[in-house]
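Student: predicted structure and sequence below. I'll ask about it afterward.
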Amino acid sequence: MDIALQLVLNGLAVGCIYGLVALGFVLIYKATELVNFAQGDLMMLGAFVCYMLVVWYGWGYWMAFAVAVAAVALFGAGLDAGILRRVLGQPQFAVVMLTIGLGAIFRSFASITWGSEIYTLPTPFSARATRIAGVTVSHEYVAIIVGTILLCAVLYAFFTWTRVGVAMQAASQNQLAAYYMGIPVKRMFSLIWAISAGVAAIAGVLLAPVSLIDINLGFIGLKAFAAAVLGGFGSIPGALVGGLTIGLIELWSGAYLPQGFKDVAAYVVLLLVLAVRPQGMFGTVGRKKV
Amino acid sequence: MRFVFKTSYTQDLGLFRDDVQRNGYVALAAGLVVLPWLIPNYLVDVSLVLIYAIGGLSLMVLAGYTGLVSLGHAAFLGIGAYAHVYFAQSLGLPWLVALALAVVLTAAAGVLVGLPALRMTGVYLTIATLAFALIIQEVFTRWERVTGGLKGRAVDKPVIFGVALAHDAAFYFLCLAVLIGGLWLTSNVLRSPTGRAWIAIRDSEIAAQSLGVNLALYKTMAFAYSAALMGVAGALFAHKVGFLAPDIFSVLLSIQLLLMVVVGGLGSLHGAVFGAVFVALLPVAISQARDALPAWIGGAAGVLGPRAGTAVFLGVDRFVKQPGLEPGIFGLILVLFILFEPLGVYGRWLKLRLFFSTFPLYKRATFRRQKSYMRSERLR
């Protein structure tokens, strides 16, 4: 019983990370119908920037957290304005290849700037734990879960109640119509990229104390795909629920199935979902009309 | 400009446009046949180019002609390689039988991936094939009885009809024959109703379906054909590398295969070959540049004084010797091609040819891409 509860807790924490990265995919997909294969690498950049500020320059954790997220968000906006805007309206395939290429460049950049070793990020809640009802609750996991909940609340409020948020929704539903209504669509897209990159950076910084930082941290992005697809690619709550589900499945299959299943559980789920119900749990993807 | 005035149906049926084109390809083939005597030391690398070209051909059929972008072709390459080695070495079957069985098995795997793929479009398919490749890679690692697991598995030289192809040149000719056969078969398939159906699916799935193209059938066929070609490439690849380990068939290899198709030029068989040459030769060029670049830049900075020259030399040397640089260069090339030459090397070649054949009248607008605003495909 205790083990099962422990697995649930850890699975929720891991799932939150998948959910956050998946959220980044979904935001960009919803707005621009592009799929950003470099999302995981943006997460890696966020974790590295925070590490650099804390360990090399001795900044406080919270300050470094904020600056890292802001820096990566700004970078995301620049990426959109400088590069991705040029391929809008071209086949989706072009964007897939473009973001794969960008991801490779980011990894290469990180390896040159910060080296290819493995780092740990010291945080205020590192290596602390509380025992509640026989379950060891590590504070790092609590930080991840609380951080995810807060972030989701903020994003939800932003998209529902602010003018910019509603404008973004409009731009995502029909670019041309939104443009006619006086919405600066290009700026909205840059803003979406900034938010998405910022979310990725938050995920990276939250994940850093649990999983170590190295240049291949971005490969978590592949598992986040499973989360995004499971939730239906265009759905924000779907991404989070998908992430949590993948996290739980992964930890359970690691505990109860033979060795090797833990690493591929997410992908097996992904293939099953795509084969059985391609629109996912909350999907809105329909048949394209001519 | 040269126009071909067609006077009979046999001219339409011919594989080449006219005698000039045919003679050009015959000359190219002759050049490739005498190549082993010209550059005996580089034959191994050239064989790799040929194997890559077969793989590129496979992905070109799927991504370039049917419009189904797969990020999991390294898995097919791996299945072909491991199956061939298992049949030929563990079961002791004759080489050709082992190859045929491996190809059938890979094609079956292709159908297996293709079936769920029928229900997805666009990027979903890419993600699904990616997941498939990751699962297969784990299978390669765990199924030690067949694959040797992480320890890897040694591969012998091919023995065909009792003749051991121990010499590099013999293996080169084997690869060349397979590539030419593959190109001949593919260019014929693409002209057949099957190939035209594939192209119709690529251009508009809905239009093709409305015209009576059976989407499920033709997409599955495309997957099976592509996977079968990849199986052949895998068998040759196994002999080329001589040692199979699961981490060869990683996502990065899939990306490299896709890079090949994009850089070569989507939607042309030439592109597959150009891309293969590019991707196979790029690491060689990078390692050459690594040795030469620091001295050049250092020499250029040397005009500011000898100390500046030395400092710049050391700095550049340290930078280019970074191990993480190479994937970044691959990524950079991919990004630049997508942004500035989406038609790839073959597209650039077409433009160049058109420029000279229409000399003072060349218009850039001939190749201008049309931009379209996006309307959501999601129903609200």
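Tutor: Good, I have the coordinates.
Student: contacts and neighbour counts: CA atoms only from here.
Tutor: Noted.
Student: for chain B, longest helix please?
Tutor: In terms of residue count, the longest helix belonging to chain B (DSSP state H) is helix B:269-301.
Student: what comes into contact with the helix or strand that it is followed by?
Tutor: Counting by DSSP states H and E, the element after helix B:269-301 in chain order, helix or strand, is helix B:306-320. Contact with helix B:306-320 is made by A:112, B:290, B:293-295, B:297-303, as judged by Cα atoms under 8 Å, 6 or more residues apart in numbering or on different chains.
Student: repeat that with 7 Å
Tutor: For helix B:306-320, contacts defined as Cα atoms under 7 Å, 6 or more residues apart in numbering or on different chains pick out B:290, B:294-295, B:297-299, B:301-302.
Student: still on that earlier bit, how about the longest helix of chain B: buried residues?
Tutor: Neighbour-count burial for helix B:269-301, with 16 or more other Cα atoms under 10 Å in any protein chain shown as criterion, is recorded at B:269-280, B:286, B:290, B:293-295, B:297-299, B:301.
Student: quickly name whichever of the contacts of helix B:306-320 is closest to chain A.
Tutor: Chain A lies nearest to residue B:290 out of these, by Cα to the nearest Cα, at 15.2 Å.
Student: can you tell me the closest non-neighbouring residue to the closest one?
Tutor: In space, and not counting its chain neighbours, residue B:290 is closest to residue B:320: 5.8 Å by Cα to Cα, 6 or more residues apart in numbering or on different chains.
Student: from residue A:255, how far off is residue A:265?
Tutor: 12 Å (Cα to Cα, to the nearest Å).
Student: how far does stretch A:226-243 sit from its chain's centre?
Tutor: Its chain's C-alpha centre and that of stretch A:226-243 lie 11 Å apart, by Cα atoms, centre = their mean, to the nearest Å.
Student: and the next helix or strand past the strand or helix carrying residue B:125?
Tutor: Assigned by DSSP H and E, residue B:125 belongs to helix B:123-142. Later in the chain than helix B:123-142, the nearest helix or strand by DSSP H and E is helix B:144-147.
Student: counting by contacts, list what that following helix packs against.
Tutor: Helix B:144-147 is packed against no helix or strand, with contacts defined by 3 or more Cα pairs under 7 Å, 6 or more residues apart in numbering or on different chains; DSSP states H and E.
Student: what does that helix rub up against?
Tutor: With contact meaning Cα under 7 Å, 6+ apart, helix B:144-147 is reached by B:82, B:86, B:140, B:153.
Student: what two of the residues you listed are the furthest from one another?
Tutor: The span of the contacts of helix B:144-147, defined through Cα to Cα, is set by B:86 and B:140 at 12.4 Å.
Student: any idea how many residues pack against the closest residue to residue B:116 other than its chain neighbours?
Tutor: Leaving aside its sequence neighbours, residue B:116 sits nearest to residue A:275 (Cα to Cα, 6+ apart; 4.6 Å). Using other Cα atoms under 10 Å in any protein chain shown, residue A:275 is surrounded by 18 other residues.
Student: show me how far the host helix or strand of residue A:275 is from its chain's centre.
Tutor: Per DSSP H and E: residue A:275 is located in helix A:261-276. Remark: helix A:261-276 is offset 19 Å from the chain centroid, using Cα atoms, centre = their mean.
Student: who touches it?
Tutor: Helix A:261-276 has contacts (Cα under 7 Å, 6+ apart) with A:223, A:226, A:229-230, A:246, A:250-251, A:253-254, A:280, B:116, B:128, B:131, B:135.
Student: what's the angle from it to helix B:123-142?
Tutor: Put simply, helix A:261-276 runs at 150 degrees to helix B:123-142, going by axes from the mean of the first three to the mean of the last three Cα atoms, to 10 degrees.
Student: buried residues in helix A:261-276?
Tutor: A:261-271, A:273-275.
Student: what is the burial count for residue B:38?
Tutor: When neighbours are defined as other Cα under 10 Å, residue B:38 has 12 of them.
Student: can you check residue A:82 too?
Tutor: Residue A:82 sits with 11 neighbouring residues when counted by other Cα under 10 Å.
Student: contacting residues around it?
Tutor: Residue A:82 makes no contacts at all, as judged by Cα under 7 Å, 6+ apart.
Student: give me the distance between it and chain B.
Tutor: Distance, residue A:82 to chain B, by Cα to the nearest Cα, to the nearest Å: 11 Å.
Student: and the pLDDT at the residue nearest the centre of chain B?
Tutor: In chain B, the residue lying closest to the centroid (Cα atoms, centre = their mean) is residue B:56, at 1.8 Å. In this model, residue B:56 is scored at 93, pLDDT.
Student: name the SS class of it, please.
Tutor: Assigned with DSSP: H, G, I helix; E, B strand; the rest coil, residue B:56 falls in the helix class.
Student: for it, give its distance to residue B:122.
Tutor: Distance from residue B:56 to residue B:122, by Cα to Cα: 20 Å.
Student: what is the burial count for residue 186?
Tutor: Using chain A. So residue A:186, with other Cα under 10 Å, has 15 neighbours.
Student: switch to chain B, that's the one I care about
Tutor: Neighbours of residue B:186 using other Cα under 10 Å come to 20.
Student: likewise residue B:248?
Tutor: For residue B:248, the count of nearby residues is 15 (other Cα under 10 Å).
Student: in a strand, it, correct?
Tutor: No: using three-state DSSP, the secondary structure at residue B:248 is helix, not a strand.
Student: check what pLDDT it gets.
Tutor: According to the model, residue B:248 carries a pLDDT of 87.
Student: now swap in residue B:159 and tell me
Tutor: Predicted confidence (pLDDT) for residue B:159: 77.
Student: you'd agree it is up against residue B:165?
Tutor: Yes: counting by Cα atoms under 7 Å, residue B:165 is a contact partner of residue B:159 at 5.9 Å.
Student: report the longest helix in chain A, please.
Tutor: Longest helix in chain A by number of residues (criterion: DSSP H): helix A:2-32.
Student: now the very next helix or strand once past it: how far from the chain's centre is it?
Tutor: Of the helices and strands lying after helix A:2-32 in sequence (DSSP H and E), the nearest is helix A:39-51. Distance, stretch centre to chain centre, for helix A:39-51: 11 Å (Cα atoms, centre = their mean).
Student: if you count contacts, what does helix A:39-51 end up packed against?
Tutor: Against helix A:39-51 (3+ Cα pairs under 7 Å, 6+ apart) you get helix A:2-32, helix A:61-82, helix A:92-114, helix A:185-207, helix A:220-230.
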